[in-house]
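In: fold the stuff below for me.
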Amino acid sequence: MRFVLNKLATVTIFAIIFTSMAGCGPVEYMGQVGVKASKSHASLSQAHGEKYSPYEYWSSKYYLERARYKAGYGDYQDSVRYGKKAQQMSRDGSRRAIVEKKREVEIGQVEEEASKTEPPPEGAPVKLKVAPAKETPGKVELEITKKGEGK
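Out: Here you go, the predicted model:
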C-alpha cells in the first residue's frame, strides 16, 4: 500500500511539473521563436525568399526580430505570438518562392527557345504584318524638315 502511494505521489508531482512547464513563457518562447520560427525563416532564405517573395520575407524577418525584442523585456506571451506570425509568413513565403522560381524557369526556357531562332541575314527584306485599315485613307502629304528649319 505504501509503495502505491509513493508511486502515485511521484506521478502526480511529475504531472504538475510537466503541465506547469508547458505553459512556462521562456520554455514556450524557446520552442516557438528559438527553434520553429528561426528554422522557417532560414528555409525561406534558402529558397531565395528575398527575391521571389519579398513581402513574406521581410514580414517574417520583422516578426522574428520583434519576437526576440519582446522576449528581452520578459513579455513572452507577445513574443510567442510574433514567433507564430513569423513562422506563418515564412511558410507562405517559401511556398510562393518555390512557385515563382518554377515560373521563372519555365519563362526562361521559353525565352531561350525564342532566342534560338536565327535572325534574317543582313540586307534581306523583312516581312511585317500590318493590320488592315478600317477606312481607305486619302492622299496624305508630309513635309519633313530638319530641326530648326521649316515654316
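In: so how many other residues sit close to Ala86?
Out: 28 (other Cβ atoms under 10 Å). C-betas here are computed from N, CA, C, even on glycine.
In: ok, longest helix in this protein?
Out: helix 76-116 (DSSP state H).
In: pLDDT of that one, averaged?
Out: For helix 76-116, mean pLDDT rounds to 87.
In: check which helices and strands it is in contact with.
Out: When contacts are defined as 3 or more Cβ pairs under 8 Å, 6 or more residues apart in numbering; DSSP states H and E, helix 76-116 sits against helix 25-29, helix 38-46, helix 49-52, helix 54-72.
In: turn the ones you listed into JSON lines, columns for mean pLDDT, mean neighbour count and distance to Gln109.
Out: What follows is the helices and strands packed on helix 76-116, written out as JSON lines (pLDDT from 0 to 100; neighbours: other Cβ atoms under 10 Å; distance: least, Cβ to Cβ, whole Å):
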{"stretch": "helix 25-29", "mean pLDDT": "82", "mean neighbour count": "16", "distance to Gln109": "46"}
{"stretch": "helix 38-46", "mean pLDDT": "93", "mean neighbour count": "17", "distance to Gln109": "23"}
{"stretch": "helix 49-52", "mean pLDDT": "92", "mean neighbour count": "19", "distance to Gln109": "17"}
{"stretch": "helix 54-72", "mean pLDDT": "94", "mean neighbour count": "18", "distance to Gln109": "24"}
